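# pasting a predicted model and its sequence here:
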Amino acid sequence: MHDIELVVVKKMPFPLTNREFLNRYLSFKELSGDLVLVFEALPDGTKVDYGANLKVVRAKSTGTFRFKPLNDDSQCEVTLVHHGHAGGFVPERVMVAKIPQALSAVSNMREHFQRDDAIDDAKRSELAEIINTSKQPYLPNEDKFIDEVSAKFASMGDAAFEKLDSPDHFVHMFSAFKEGSSTTIGRATTIVDATIAEVAAWELAKMSRGNLKGHVEFGGLDRDLLKINDHQSIYHVVYDLSIPKFLPRQWVGRVFWKWAADKKELTVVGDSVEHDEFPERKEYLRASSTGVLKYKEEAEVGGCPQTKVTWIQQLDLGGAIPKWVQNRQGVGNLMYLSTMRKRFDKSPAIDTASNLRLVTMIQNHDEPYTEIEEEILRVGVSHFSTFDSQKGKELKMASTLTQAKIAFEKGDGHAWGWAKTTVKASPEHVLAHVLDYYRRSKDTSKEVERSMKVVNDHNRELYQRYMKSRLARVTAIQVFHLGLRGLAEWDEKDGEAVGEVLVTKTDAEKHHGKGETTVEARLRELMEKQKGLKELGEKWGWFEVLLTKIVENKLRPGGDSKAKLCNMSEKEANVIGGALASSIAANLSAPAAVDEWILRYPAMEELEREYVWFRPMMDTIAQRLLESVSWGLKLRLYAGAGLSTLDLITDLYMIYTYATTDKPGTALSLGIMVGLCLLFQLLVVWTQARKGPTLVMLKEMLIVLSGMKPGWDAVNVANGAERSSYALVDPSTELVYTRCIEMCFESVPGSVLTTYATLHELAASNILSKRAVGSIVVSALTTGFSAATISFDFDVSPEKRRDEPDFYGYIPDAASSRTLIFGCMIMNSALLLLVRSVSMALLAMVGGRWVLVYLVSDMGMYFVYKILSYVPSGGKVYELDGLKPGPVVLGDVPGGDNSGKGWMRVARERIQDRIERYAQTEIKFNLMAVVEDKRVKIQKVMELDPGDVSLVEALEREEAKRAGWETENARRQHNSIPFVIELVRQLAEKGKLRDVMKKGEEKVKAKKEAGGGGAAGGGKRA
């Protein structure tokens, strides 16, 4: 394994050709113990067979890695020296971008092998052990300093502090500040779910890797620590305040810690000092701070140790500082307690323990109820009947898995709300969750309070806002119990619920960290709180990145990734997650977008096969994203609506032009086409709204008559309008109906008629009307767009691809390819209509019958192409399929006789195979046999033997049979309903209807008895 050859093709930006790197890797170990890896380019003549014609340019890469062991081989130092030759001219900007990518191999190694958390935890455990067990000798001046600083802050009463709005409602913050001064005093308190030693060790380990990383993220420029002894250290930090024209601030201070006599309280004191190791620097402004951290032991909660932490800090930033700057800086410093609290947060375990206590209490409850309590319960249960009759207005909740309604009368000062969802927990557990008012996860938002204060009987909108905030508790209950379910317990319904949770905004977004987006803050919180998501993050380290890029839904070029699930990384997750947005933009439905996205990436196909909840989760996420930011859907809908409206306008203009230029016949014909289009659209509206309010129907009809029906339908579909209770079909289907009507009665015939009139005018006066040509082109584009949209949506539909894979699925899965093909389909349909319009117009100018010949021939060729046929010929049975390049031989005709029926057995087996292939999803099969008319066959034989009486009788039977068919057809087609209704009415008027019904029932009964008389009777009937 010390000698490896490797081939890599690097993608270059357009128009540069991709680069091919062929390298040889050699590794060896030096006497010092260092490992060295050398790589160099293979000789120029080396060829690689890629199995395809891959256009690349040979580039060269040479370099050396050195791996130097540190700390007993548990760590190593990595150094890389690299030289690259691009193999031709490459712009400087590309080289500047590519060199850091090559050198990033070093940082990638660190990220892959980093164990920062484990190393930090080990060091904190050592420090906690020292704090907890070691006896520390304190000098008199150290004891004096700790007592003086503690007494200074203890003397400040609560009146001196002003309460601050805390971003974390578990952390209470206060400040004391004088305007124009550079000094402010802040105080914060919280409860931490850990022992005193654990919390203090986390605070005192200032040089941990996690602290250093956070220091840089929050504007830290420098950080050092000088340890004096176990209980005293000197620290040095520099922060950029991120305020224009403000110099960075430098702090140098000392820190002491000391237990109280009873070891129930630990005090940490810090103060600014001068130290030779950290001199004052002119590029910084020296700031100072004095602070006290007190850790006090509290009673355990839910089996978890509790420590009350109080932090008081006097901060002097130096110079005259505005109050808002001091408050901002003070809140930022005090939020350190929030970080501390979250680091040890065990709220789920504490809430679960509290919930279990309440569940046990509910299950074992046997106390009798008083009469007053019984009455309260009776009245409360009766409230459910308010919505039994489906009263109330639907409310759109944050989660689509929660149904909600509101009901109230105008002028009332009260309202009723109703909400329903499914929670994966027992009724006792859910009730305990509702009753546990002291749980930490309880919503502490003030939204409800504000709504209650402003709601009155005059404002319907505020009623709905208040009721939605109250009914949202149902969703909160569902989310809470979903968070308790592990990954192994998830099913399809859990997948839908997780999808809703991921796209629903949370309070964490309001307090996202520096450099962190709102979506990243939401996903970080959910990955910590939701048990199943946390397990996913631990199993697949890249899963949070994947979800973040999916939910961000930023439209960007989708990259390719052939990575399998086992070798996925954050880089691949970033590419794959970001590609879903382009799939959503290119599809009308969420399932189609997800289907395209999953089929594009092998790792996602593996996830779909491994987890039953993955596809429902992705469908839910895509549906919600499509509703909120439906670029592709809206673009297609509005483009189609614009073309339809423009087509109507150009047709009306041409009607006016023909009517005013001595072409009344053409104007009338075109007007009839437009009128039929509007008439059938009115019929669709009437069918849809006839059971609804009259005003709604009149409004829809006015929209049709105004020519805005296509735009109105597009707006409804784009905004996610749902099917009304009285409507027959949903808005999307209604849109398809109106588009088809427009194509059949306006666009296609109007294009043919206008083309005929234009060519006729050109032949007569040698004048070509540009406006007429424009109208023809618009009609063709309208038809092309509608036809392409319908065909495209049918082909990419996941359901149709799954049910009929041999017929659907020709359009590629890549979003860019789909967009290109959709455009080609539009142009193909539009150009085809133009060609046919010109052909029919020219034929009409020659003679009207040629138009009929053209239409019959065109339809005949269509059926020849589409219909599947089986014929015997030359001793073989052939299948004629218009979708295949030529006839397919199915087998030999038994006996070689084409005139016999033996060949039908071969064809029958083939037909049965085709039917069985679609038997599970399709029941519509048409089977027709083309045979010779028996009368013609008999007449041919009679010509050879005119005296054969049997032939004459056979011919008479065939003629009588056809006469009977005509009678049957006439009876079948005749409307007998008026006769039957009148007969029943006359019988009823004469009092004979009851007797007739009784006789009919007796006949039916007798028939049934006769039919069940035995096998002989059954055989006779057969």
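Received, thanks. Here the structure is a predicted model, which means the values were calculated and not measured.

# CA only for contacts and neighbour counts going forward, please
Noted.

# in space, what's closest to the most centrally placed residue in the chain - neighbours in sequence excluded?
The geometric centre of the chain, computed from its C-alpha atoms, lies nearest to residue 622 (CA atoms, centre = their mean), at 1.7 Å. Ranked by CA to CA, 6 or more residues apart in numbering and with sequence neighbours excluded, the top spatial neighbour of residue 622 is residue 590, at 5.2 Å.

# any idea how far residue 699 is from the one you found?
Distance, residue 590 to residue 699, using CA to CA, to the nearest Å: 31 Å.

# quick check, residue 300 in contact with residue 306.
Yes - at 5.5 Å, residue 300 and residue 306 qualify as touching, with contact defined as CA atoms under 8 Å.

# who has more neighbours, these two?
residue 306 (20 against 14; other CA atoms under 10 Å).

# what sits against that one?
191, 192, 193, 194, 195, 297, 298, 299, 300 (CA atoms under 8 Å, 6 or more residues apart in numbering).

# neighbouring strands - and their directions - for the helix or strand in which it is found?
Taking DSSP states H and E as the criterion, residue 306 maps to strand 304-316. Within its sheet, strand 304-316 is paired with strand 183-192 (antiparallel), strand 288-301 (antiparallel), according to DSSP bridges.

# as TSV, these with distance to residue 30 and mean pLDDT would be great.
Formatted as TSV, these follow (distance: least, CA to CA, whole Å; pLDDT from 0 to 100):
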stretch	distance to residue 30	mean pLDDT
strand 183-192	51	84
strand 288-301	51	89
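
# those strands: which one's closest to residue 378?
Among these, strand 288-301 comes nearest to residue 378, with 36.6 Å by CA to CA.

# so which bits of that closest one are buried?
Neighbour counts over strand 288-301 (16 or more other CA atoms under 10 Å) mark 288, 289, 290, 291, 292, 293, 294, 295, 296, 297, 298 as buried.

# beta partners for the last one?
Going back to what we said before, that points to residue 298. What pairs with residue 298, by the bridge criterion (DSSP bridges), is residue 306.

# and residue 189, by the same measure?
residue 172, residue 310.

# ditto for residue 185
Assigned bridge partners for residue 185, using DSSP bridges, are residue 176, residue 314.

# I'd say it and residue 311 touch.
No - contact criterion CA under 8 Å: residue 185 and residue 311 do not qualify, at 10.4 Å.

# the more surrounded of these two?
The neighbour comparison of residue 185 against residue 311 (other CA under 10 Å) goes to residue 185, with 23 against 20.

# strands of the stretch 751-900 of the chain, residue ranges please.
Along the stretch 751-900 of the chain, counting by DSSP state E, counting those that start in this stretch, strands occupy 869-873, 876-880, 888-892.

# err, the stretch 51-200 of the chain, not the other one
Going by DSSP E, counting those that start in this stretch, the stretch 51-200 of the chain shows strands at 57-70, 75-85, 162-164, 172-177, 183-192.

# so for residue 849, which of these sits nearest?
strand 57-70 (63.2 Å).

# sorry, back to before: I'd like the contacts of residue 306 laid out as a markdown table, including distance to residue 535.
Compiled in a markdown table, those are given as follows (distance: CA to CA, whole Å):
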| residue | distance to residue 535 |
| --- | --- |
| 191 | 27 |
| 192 | 24 |
| 193 | 22 |
| 194 | 23 |
| 195 | 26 |
| 297 | 32 |
| 298 | 31 |
| 299 | 31 |
| 300 | 27 |
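
# quick check, nearest of these to residue 357?
Looking across the contacts of residue 306 and measuring by CA to CA, the closest to residue 357 is residue 300, at 15.3 Å.

# list the residues that contact that closest one.
For residue 300, the contacting residues are residue 306, by CA under 8 Å, 6+ apart.

# distance of it from residue 194?
Using CA to CA, residue 300 is found at 10 Å from residue 194.

# what does residue 880 give?
Distance, residue 880 to residue 194, by CA to CA: 80 Å.

# what are the ranges of the strands in the stretch 301-450 of the chain?
Under DSSP E, counting those that start in this stretch, the stretch 301-450 of the chain gives strands at 304-316, 393-395, 403-407, 416-420.

# show me which positions of the last one end up buried.
Using 16+ other CA under 10 Å as the test for burial, strand 416-420 gives 417, 418, 419.

# which stretches of the stretch 551-700 of the chain have low pLDDT?
Applying pLDDT under 70 to the stretch 551-700 of the chain flags residues 556-558, 586, 588, 627-637.

# mind listing the helices for it?
Counting by DSSP state H, counting those that start in this stretch, the stretch 551-700 of the chain has helices at residues 570-585, 590-600, 602-610, 614-628, 631-659, 664-689, 694-705.

# just the stretch 801-950 of the chain next, same as before
Under DSSP H, counting those that start in this stretch, the stretch 801-950 of the chain gives helices at 815-846, 848-866, 902-917, 934-944, 949-973.

# with the stretch 351-500 of the chain instead?
In the stretch 351-500 of the chain, the helices defined using DSSP H, counting those that start in this stretch lie at 371-382, 427-435, 447-454, 460-482, 492-503.

# which of those has the lowest mean pLDDT?
Note on those: lowest mean pLDDT is at helix 447-454, with a mean of 33.

# follow-up on the earlier one: so how far is the strand holding residue 306 from its chain's centroid?
Computed by CA atoms, centre = their mean, to the nearest Å, the chain-centroid distance of strand 304-316 equals 43 Å.

# what angle sits between it and strand 172-177?
On the basis of axes from the mean of the first three to the mean of the last three CA atoms, to 10 degrees, strand 304-316 is oriented at 10 degrees to strand 172-177.

# what is the neighbour count of the residue nearest to residue 881 when sequence neighbours are not counted?
Leaving aside its chain neighbours, residue 881 sits nearest to residue 868 (4.9 Å; criterion: CA to CA, 6+ apart). Using other CA under 10 Å, residue 868 has 14 neighbouring residues.

# with residue 591 instead?
22.

# contacting residues around it?
619, 622, 623, 797, 798.

# closest to residue 550 out of those residues?
residue 622 (8.8 Å).

# that closest one and residue 592 touch, don't they?
No - using CA under 8 Å, residue 622 is not in contact with residue 592; the gap is 9.7 Å.

# gap between residue 770 and residue 754?
Distance from residue 770 to residue 754, by CA to CA: 12 Å.

# quick one: which of those two has more around it?
Relative neighbour count places residue 754 above the other of residue 770 and residue 754, with 26 against 10, counting by other CA under 10 Å.

# quick check: that one touching residue 771?
No - applying CA under 8 Å as the test, residue 754 and residue 771 come out as separate, 10.5 Å apart.

# so who does residue 745 touch?
673, 674, 676, 677.

# tell me the most packed of those residues, by neighbour count.
Neighbour tally across the contacts of residue 745 (other CA under 10 Å): the maximum, 24 neighbours, falls on residue 677.

# mind listing what it touches?
Each residue near residue 677 by CA under 8 Å, 6+ apart is listed here: 741, 742, 745, 746.

# ok, 6 Å please
Contacts of residue 677 were listed using CA atoms under 6 Å, 6 or more residues apart in numbering, and they are 742, 745.
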